[in-house]
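Asks: Sequence first, then the predicted structure, then my questions.
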Amino acid sequence: MTPARLPELVALERIIELGAGWLESRVVCDVKLPGGGSYPVHVITLGNPARELPAVGYFGGVHGLERIGTGVVIAYLQSLVMRLQWDSTLHQQLESVRLVFMPIVNPGGMALGTRANPNGVDLMRNAPVEASDPVPILVGGQRFSAGLPWYRGRKNKPMEIENQAVCDVVSAELLTRDFSLSVDCHSGFGSSDRIWFPYAHKRAPIAHLAEMHALKNIFVQSHSHHRYIIEPQSLQYLAHGDLWDHLYLQSCAQPQRVFLPLTLEMGSWLWVKKNPRQLFSRHGIFNPLIEHRQQRVLRQHQLLLDFLSRAACGHRLWLPGPATRGSQHAQALQDWY
C-alpha cells in the first residue's frame, strides 16, 4: 500500500533536486505505517565537511502535529539553495561551516496527524534520561499506555527508530567537532516564542552555561528588537526522556568540545487567540492555519536560523575564554537561576 504523499516531503524532495551539486542527501531510516507503506527520513548536508570546522544542525517535525516547525526548517533550506545560485558571500560562509538538516524527523506522525510516531511514542519523552526532580503528571512522560499522550515507550527498550536516526546524525555530524550548535523547531507552548536549552530533566545548570550565556548576549546585541524568551527549559517544566538532554550529556564525555542544543518553541496560543476557531482543529492548536499568519511565521524565524550559522562560523570570537568564563557563568546564574 502506497501512503498519501506529505506536502512537506514533496517540498523537501523538490529542494533536494534543485540543490543537486551543492547538497548531499541520504535517507537515514524508513518509518513504517500501521496500514502498510513507509516514509523516508532525509538528512541533507551542505558546506565544508572538514571535521576541524564547526557545524549547525536544524531539526523539525519531531512531533507530527507541529508541522510549522518543519515548515520553518524547509523555508530556511530553500532560501539557502536559492541564494547559492547567486550569493558569493554565502559560498564563502559555507567554506567555514557544515550545515545539517533533518526537517521531517517524524513523517509517520505527520501523516497520521499525531504528536507521537506511528508506534504511539512521543519522541521527546523516549530517550534514556530520567528526571531527578518530580515531573508533571502525564506531561512529563508516562509509561501507562500508548493511547495516552506523552507516552515514553516500554522501559529498557531501544529508542524509536526516528530518535536513533537523530542520535546517529548528531553523533556523526555534530559531536565530532570542537564546536557545534543545533536547533529543534517546535510549537504549542504559551503565547510567546521561546528559545530553550537543557536541562529538561533537572533544574541544575548545564556545564556550558557560560557559553550559552555568551551566545545569548551576541544574539541580543545583534538583534535588539527580537521577541524571544531565552531560558533553560527547566524554568517551565521538567520531563523524562528528553532527547536533547540525552545528546548533550553524551557530548559532555568530550570536555574539550562544546555542543549547544537549542529548542525553538513557537508560542501557538497567540494564533488561537487571533483565530479561536482553530481550537476545533487539532492542527490548529499547534499551527497558524490562516495563510498570511503562516507566511509571517515562516519569515520571522529565518533570522534566528541564519544567525546560528554565522555564530558557528565566528565562535572563536565570542566564546568566553579562561579570563571571562567565570564572570559569564556568574551572570548566567543570576539571569536564569
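Replies: Happy to help now that I have it. Bear in mind the structure is a predicted one, so any value in this text is a computation, not a measurement.

Asks: any weak-confidence spans in the stretch 51-200 of the chain?
Replies: Of all residues in the stretch 51-200 of the chain, none has pLDDT under 70.

Asks: Next up, identify which helix or strand R293 is on.
Replies: For R293, the host element (DSSP states H and E) is helix 291-300.

Asks: quick one: average pLDDT of that helix?
Replies: Across helix 291-300, pLDDT averages out at 82.

Asks: so how far is that helix from its chain's centroid?
Replies: 19 Å (C-alpha atoms, centre = their mean, to the nearest Å).

Asks: How about the helix or strand following that helix, which residues are buried there?
Replies: Per DSSP H and E, helix 291-300 leads on to helix 302-313 as the next helix or strand towards the C-terminus. The neighbour-count check on helix 302-313 (16 or more other C-beta atoms under 10 Å) flags L304, L305, F307, L308, S309, A311, A312, C313 as buried. Any C-beta I mention is one placed from the backbone N, CA and C, and that applies to glycine too.

Asks: Ok, stretch 156-176 next?
Replies: Result for stretch 156-176 [16+ other C-beta under 10 Å]: buried residues 159-163, 165-167, 169-170, 173-175.

Asks: could you dump that stretch to CSV, C-alpha only?
Replies: What follows is stretch 156-176, C-alpha atoms only, in CSV (Å, rounded to 0.1, in the frame of the first residue of the first chain):
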residue,chain,number,x,y,z
ASN,A,156,14.6,-0.7,28.9
LYS,A,157,13.7,-1.0,25.2
PRO,A,158,15.8,0.7,22.5
MET,A,159,14.8,4.2,21.4
GLU,A,160,12.4,4.5,18.5
ILE,A,161,13.9,4.3,15.0
GLU,A,162,13.4,8.1,14.4
ASN,A,163,15.3,9.0,17.6
GLN,A,164,18.1,6.6,16.9
ALA,A,165,18.4,8.3,13.4
VAL,A,166,18.7,11.7,15.1
CYS,A,167,21.3,10.4,17.5
ASP,A,168,23.3,8.8,14.8
VAL,A,169,23.3,12.0,12.7
VAL,A,170,24.2,14.2,15.7
SER,A,171,26.9,11.9,16.8
ALA,A,172,28.5,11.7,13.4
GLU,A,173,28.0,15.3,12.2
LEU,A,174,28.0,17.5,15.3
LEU,A,175,29.6,15.8,18.3
THR,A,176,32.8,15.0,16.2
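
Asks: contact partners of the one helix or strand A210 maps to?
Replies: Under the criterion of DSSP H and E, A210 resides in helix 209-222. Residues from elsewhere that reach helix 209-222, judged by C-beta atoms under 8 Å, 6 or more residues apart in numbering: 181, 197, 206, 226, 230, 258, 260, 304, 307, 311, 318-320, 325-326, 328-329, 331-333, 335-336.

Asks: Stretch 231-238 now?
Replies: 131, 133-136, 139-140, 189, 194-203, 205-206, 242, 263, 336-337.

Asks: if we can go back for a sec, of the buried residues of helix 302-313, just say which sits nearest to V41.
Replies: V41 has its nearest neighbour among these in L305, at 20.0 Å by C-beta to C-beta.

Asks: and the closest one, what does it touch?
Replies: Y58, V72, V73, Y76, V183.

Asks: In this structure the second one contacts L298, no?
Replies: Yes: assessed by C-beta atoms under 8 Å, V72 is found in contact with L298 at 6.1 Å.

Asks: out of those two, which sits in the busier spot?
Replies: V72 (27 against 18; other C-beta atoms under 10 Å).

Asks: Please identify the helix or strand for that one.
Replies: Secondary structure (DSSP H and E) places V72 in helix 67-83.

Asks: Okay, and which of the buried residues of stretch 156-176 map to helices?
Replies: I161, E162, N163, A165, V166, C167, V169, V170, E173 (DSSP state H).

Asks: With distance to G108 as added columns, please give these in TSV.
Replies: Below are those laid out as TSV (distance: C-beta to C-beta, whole Å):
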residue	distance to G108
I161	10
E162	8
N163	13
A165	12
V166	14
C167	18
V169	18
V170	20
E173	23
